[in-house]
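Q: structure for this input, please:
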Amino acid sequence: MASKVDVDSSVGERRLRPIYDWLDNGNNKKALQEAEKVLKKQPNFQCAKVLKALALLRLGKEDECIQLLDAVRAEVPCDDSTLQAMTICYREIHNPERICEIYEAATKKDPTNEELLTHLFMSYVRVADYKKQQQAAMALYKLKPKNPYYFWAVMSVVMQAYKADEKLAKSVVLPLAERMVKKFVSEGKIEAEQEVQLYLMILEMQGKFEEALQVVEGPLGEKLISYVFVPLKRAGLLMKLGRWRDSNILYKLLLREDMDRWSYYMGYFTSALALLDSGQDDSAKVTDPVTPSDSDRSIDARWQVADSTLEMCKDFLSLVLSENEALSRRLRGPYLAYLEFYRRLHERGENPEELLGDIVELFMRYFRNFGDKPCCVSDLKMFLPLLSNNRAKDFIQKVNETVGLRVGELPSSVKQMQEHISSFQLSRCVGCHVDLSMADKLAMASSLLQYYDHGHSFNRDILHTEFACNDPYALLAAHVLYDVWVETGSSQHIYDAILVLEYALTISPSNFHVKLLLLRFYAILGAGGAAHQIYELLDVKHMQLDSLGYYHCNHVFVTGQFAVTSALYEATLKFFTGNYKDSVDHLTFSYKFGSFLKIEEFVEFRERLNNSLHYALITIERMLFELLTSKNFSDTIKYIEGMDVTPEKDKVDWDNLQDNRDVHVIMSWDPHLRQVSKEIERQTFLDDMSFLRIRNLTLRCLAAAVNIACASESNSLDPKPQHQHHHPNSEGPVINGEVKEDGIDVSRFETFVRVSEELLNLYNSLTAIPPAQVPQNVIGAPLPSRLHGYLASPSCCVLLELFGLIKLLMQDNEDNSLTKMACTAAEMVTAAVHKASEMIKVHGSEGADQLAGRRILLEYVVNIIEMLSLAAILCGVGHSLVKPLKAPLVRKNKKKKKNCNNQHNQQSQSKRIEVFNKLVSELQGAAEELDSALDYWESIPPTLAVIPIFAENLPSHLQALCLLGHENSNENSCSNSTRSGLGLAVDTKLYNSHADSLREVRQLLQVKIKYLASVKV
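A: Numbers count the residues shown, from 1 in each chain. Predicted structure coming up:
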């Protein structure tokens, strides 16, 4: 359609092309110039106006962009190029509702335009307005009777049910969707497989499984062309209907087609045991169900009889196993099916050994076939708890006999090495390493590294993207050394493990298991910089920023790596904010291509990300971090004004917060009791949620206090002399009932008081019953929540005292209360700084294990500096409240009035200023004392150069790994006082990380010293 001035379309496109090119190339300034050139010739060219608005937006001139868009919107454009450009603008300013409005206006102006109606429907998809989606889709269908449009309307009704109350959905909304589809079924208008799938989904959501089964088995089922979908759907519906006999036979026939599909075995066992419990005996019955195609041979009758007894189940498993053993390449499923059947019988209280034989033999039958495969241990791990202690020892003994290596003998082939690795991992899984002495564990670590060194001979010609086949030896050695660290607390053993893993990483740079362990170990030592280098090697992106990002992003701040912290927060939030756009695109494509089954998944995915605990925590932490880095109170005000913070409203949806962490990402071969349990997962989630509550309330309190300061300053810039005489006893910034003498409205004050009281109550509840720490011996568990370190510092106590101080400054209270509260806050800060100074001295004393306590000390120091930074902000607020008191004092001194009441007020005001300045001076003195302590910490020489590379009781072969090249390894290649090769590289990483942390921490502290100096009255 032509523009308002009826510009010829080809001429318009030619003139707009340079603007599009400059925008695509990112040269927004040039795009703006080109747009202005076009508008000089054609001032009413709508598309040129919108492209100019887009260029302005990308140049950071959002207000001008919005003004221009509003002007164009008032003209009600209908041409596609203008509307598409406006859509881009509104998406970039995160205002999708406006997109709906422009297409609503366009379709009213041109109601017969199919393309405009389609865009209107998609605009409603973006904002999840399902009712209007339905209306737009029906308008489209009436205009152009096409099946996709009609089923867009049906899916919109289904999504209304998804969001509605369950009772309303099942009684009103879903029946409507069912009637809409039935109308098309009765008229024979169903055309596509996706339409039948949507019908099935509607029936299942209502619990109408019988009707859904009739659809699958009836004429409509012929449109379900997917070979896998039909039998799986039929089996699932039979299970939901409790038709165990039919479902059992169907799962048997499915297993005949694919003996390695684990879900088929699970369905088979569930249906067989349910059939057994029902008391039916189908041993003589044969049915004729809908079966997978079979054109080569007739089906054996044993596949078509439902298994209703345990003996029949055993016979069926034997049949599957015999079929499997006849194959040239055996599958794992039939062997694992025996173990799963054994487990189910054990849970039912049966005697599985009587039916299936010796449990150890069942394990060994699997191991003899797949012991040399990397999947061996992960397959067997879930069944190992079935073994008693004695039987576990028998199993490991038989495994070792099968491997065939004597003590000290090295594997002669890759197969034997893989079996040997599996035997080590299995012995660890059943607890054989738990009760070993420290000397035995260190000897085992040495032995594992000998095997690892020998395994290099089997790694010829591997690609950098492949895992080395001997990597598990290094990982096992690191796990054993971690065990020793848990027992002793000595950083020596973590350092040894890091050295082993760093060496393994040079051989196998793509092994993420190695990187994840290194990330954990560096974090334990407080080496945030070194941990971040490993994190970058992991190349965490997209969804992993939520599922894995917590492991590093939540903890790097307390190591003092502020630059890294800022970059991590930026990258993480960019993903979450971009999720909205990406998920909307997925939804629109799903409607476009009729993938109705995916729409609900995409909606759930979007909501799961939007409600992520990690997202909420990083959002709050990012805002607090910005406040932390502000150089003066004016900067703080600007940061607060630019933040999406509303002190009176809590924007976190606490009831729907999601735990999207992958807490099982670190591979562990520890016994069942030392795995990441549901309780550990739940506890760490609750700890992070409690920490989020504290940080959220802290941020809202700070924002409320700064808002009060802004109101006080704006009032002081516009003084009202009559106030001075109206309330002679209340000349300062006073809130007295509903009276507002300083321009600070009561609602702001009440918000501040309410939120600070919420923070106080939360803090008291958390300190009354401190949260439990995650046991250190669970190597795969998340690192301890920051909540523990935060509660161990006086940060929250000091802030609560200062919040109380601000409250007193705003009220006409006795000066004694003010003085007492200011002294308490100053004493707490001073005591915390003294404690930090003492910890630094002890840490740097001769013979101290510097690496062991570095992380705890760094976390404490960073929390104290953050406390001082936020205290400086509150002092800025106090400055804004106290400063207006000084001007009346100066005027009154000049007039020399002798009125007693005025003298009393003058003394009171002088006292307030004196108390406030004393508090600021003491905070500044504490900050300077901490800076001196950090200066001393920086001057302490690192002790790594005089620590043995490995523990003294390990053989020299283990020490050889300090060299990067194996060919240079020999017994005397490393001395205890020198470093070379990889040992030096690890030392450098640890030292640089520590030095960078202290440098950044001191830089921030010095900024805060200047900040505090600037807020004295």
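Q: could you point out which element follows the top helix by length along the chain?
A: Longest helix of the chain, by residue count under DSSP state H: helix 850-895. Using DSSP states H and E, the helix or strand that directly follows helix 850-895 along the chain is helix 900-939.
Q: which positions in that next one come out as buried?
A: Judged by neighbour count using 16 or more other C-beta atoms under 10 Å, the buried positions of helix 900-939 are 902, 905-906, 908-909, 912-913, 915-917, 919-920, 922-927, 930-931, 933-934, 937. Quick note: C-beta positions are derived from backbone N, CA and C, even for glycine.
Q: please apply the same query to stretch 554-573.
A: Result for stretch 554-573 [16+ other C-beta under 10 Å]: buried residues 554-562, 564-565, 568-569, 572-573.
Q: now, those that are in helices?
A: 562, 564-565, 568-569, 572-573.
Q: of these, which pair is most distant in space?
A: The most widely separated members of these are Phe562 and Leu573, with 16.4 Å between them, by C-beta to C-beta.
Q: which residues touch the closest residue to Val862 other than its chain neighbours?
A: In this structure, Val862 finds its nearest non-sequential neighbour in Val558, 5.0 Å apart by C-beta to C-beta, 6 or more residues apart in numbering. By C-beta atoms under 8 Å, 6 or more residues apart in numbering, the residues touching Val558 are 786, 789, 855, 858-859, 862-863.
Q: while we're on Val558, how confident is the model there?
A: Note for Val558: predicted pLDDT of 95.
Q: cool, Pro733 as well?
A: 41.
Q: ok, now Val230?
A: So Val230 comes in at 85 (pLDDT).
Q: you'd agree Ile494 is up against Asp483?
A: No. The criterion here is C-beta atoms under 8 Å, and Ile494 misses it with Asp483 at 11.1 Å.
Q: so where's the stretch 901-1017 of the chain shaky on pLDDT?
A: Residues of the stretch 901-1017 of the chain meeting the criterion pLDDT under 70: 901-907, 942-981.
Q: residue contacts, the spatially most central residue of the chain?
A: In the chain, the C-alpha nearest the mean C-alpha coordinate belongs to Asp546, at 2.7 Å (C-alpha atoms, centre = their mean). By C-beta under 8 Å, 6+ apart, Asp546 lies in contact with 575-576, 609, 612, 614-615, 660.
Q: among those residues, which are in helices?
A: 575-576, 609, 614-615.
Q: in JSON lines, list these along with distance to Ala31, pLDDT and neighbour count.
A: Shown next, in JSON lines, are these (distance: C-beta to C-beta, whole Å; pLDDT from 0 to 100; neighbours: other C-beta atoms under 10 Å):
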{"residue": "Phe575", "distance to Ala31": "27", "pLDDT": "92", "neighbour count": "19"}
{"residue": "Phe576", "distance to Ala31": "29", "pLDDT": "91", "neighbour count": "18"}
{"residue": "Leu609", "distance to Ala31": "33", "pLDDT": "91", "neighbour count": "21"}
{"residue": "His614", "distance to Ala31": "37", "pLDDT": "96", "neighbour count": "25"}
{"residue": "Tyr615", "distance to Ala31": "33", "pLDDT": "95", "neighbour count": "23"}
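Q: wait, which of the residues you listed is closest to Asn95?
A: Taking these together and measuring to Asn95 by C-beta to C-beta, the closest member is Phe576, at 18.2 Å.
Q: the closest residue to the closest one other than its chain neighbours and Leu143, how far apart?
A: Spatial nearest neighbour of Phe576, excluding adjacent residues (C-beta to C-beta, 6+ apart): Tyr615 at 4.7 Å. According to C-beta to C-beta, to the nearest Å, Tyr615 and Leu143 sit 41 Å apart.
Q: check Arg700 too.
A: 50 Å.
Q: those two - which one has more neighbours?
A: Arg700 (25 against 14; other C-beta atoms under 10 Å).
Q: does the more buried one lie in a helix or a strand, and which?
A: helix 678-717.
Q: can you pull the buried residues of stretch 484-491?
A: Buried, per 16+ other C-beta under 10 Å, within stretch 484-491: 484-485, 491.
Q: got it, and stretch 761-774?
A: 762-763, 766, 771, 774.
Q: same question for stretch 396-408.
A: 396, 398-400, 403, 405.
Q: equivalent analysis for stretch 134-152, please.
A: Neighbour count says stretch 134-152 has 134-141, 147-152 buried, by 16+ other C-beta under 10 Å.
Q: what of stretch 631-649?
A: 633, 635-637, 639-640, 643, 645, 647.
Q: how about the CA coordinates for that stretch, as PDB?
A: What follows is stretch 631-649, C-alpha atoms only, in PDB (Å, rounded to 0.1, in the frame of the first residue of the first chain):
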ATOM      1  CA  LYS A 631      32.000   7.600  43.600                       C
ATOM      2  CA  ASN A 632      29.800  10.200  45.400                       C
ATOM      3  CA  PHE A 633      26.200  10.700  46.500                       C
ATOM      4  CA  SER A 634      25.200  12.400  43.300                       C
ATOM      5  CA  ASP A 635      26.200   9.300  41.400                       C
ATOM      6  CA  THR A 636      24.200   7.200  43.800                       C
ATOM      7  CA  ILE A 637      21.100   9.300  43.200                       C
ATOM      8  CA  LYS A 638      21.600   8.900  39.400                       C
ATOM      9  CA  TYR A 639      22.000   5.100  39.700                       C
ATOM     10  CA  ILE A 640      18.900   4.800  41.900                       C
ATOM     11  CA  GLU A 641      16.800   6.900  39.500                       C
ATOM     12  CA  GLY A 642      17.900   4.700  36.600                       C
ATOM     13  CA  MET A 643      17.000   1.500  38.400                       C
ATOM     14  CA  ASP A 644      13.700  -0.400  38.200                       C
ATOM     15  CA  VAL A 645      13.300  -0.300  42.000                       C
ATOM     16  CA  THR A 646      10.000   0.600  43.700                       C
ATOM     17  CA  PRO A 647      10.600   0.600  47.500                       C
ATOM     18  CA  GLU A 648       6.900   0.200  48.400                       C
ATOM     19  CA  LYS A 649       6.400  -2.700  46.100                       C
END
